[in-house]
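1. sequence below, structure please.
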Amino acid sequence: MDRSLDFLQSIRTSTSELCSLSTSTNDAIVSDCPGWLGRDVVAHLGRVYASVTAIVESRASGPVDPGEIGVAPSGSGIHEWIAERCADLLSALGRSEEHTSELQSPCNLVCRLLLEKK
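-> I've put the predicted structure just below:
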């Protein structure tokens, strides 16, 4: 199997799990992140995903501020917001893979970076 598809599948699995957790862990304490609640982790990852999406879509070679789309809403709207950030990320990575060779693909680089953070 093409390694890029493995990376995309891993990202799909992780984002699906994150979306599921975002509905039930907002007030849970995250022991691996002192002082953070589940909502803080979801908001942080959503901003990272928005930034990665902006990088891939603009083919930037460095950080890109995603702007307001990277700011999590307060309250229960965070579940829909993170689902949109995850869908946008997967869509951008999928499109980048369709239009570039495997060696040049920003998808491979981004997926490797995201997976190394696990």
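2. what helix or strand does residue 27 sit in?
-> Following DSSP states H and E, there is no helix or strand that holds residue 27.
3. just give the closest residue to it, not the sequence neighbours.
-> The shortest distance from residue 27 to any non-neighbouring residue, by C-beta to C-beta, 6 or more residues apart in numbering, is to residue 37 (5.8 Å). The way it works is simple: take the backbone N, C-alpha and C, and place the C-beta from them, glycine included.
4. now do the contacts for the one you found.
-> The contact partners of residue 37, by C-beta atoms under 8 Å, 6 or more residues apart in numbering, come to 26-30.
5. any idea how far it is from residue 47?
-> 16 Å (C-beta to C-beta, to the nearest Å).
6. still on that earlier bit, only whichever of the contacts of residue 37 are buried, select them in ChimeraX.
-> Buried residues within the contacts of residue 37, by 16 or more other C-beta atoms under 10 Å, are selected in ChimeraX with:
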select :26
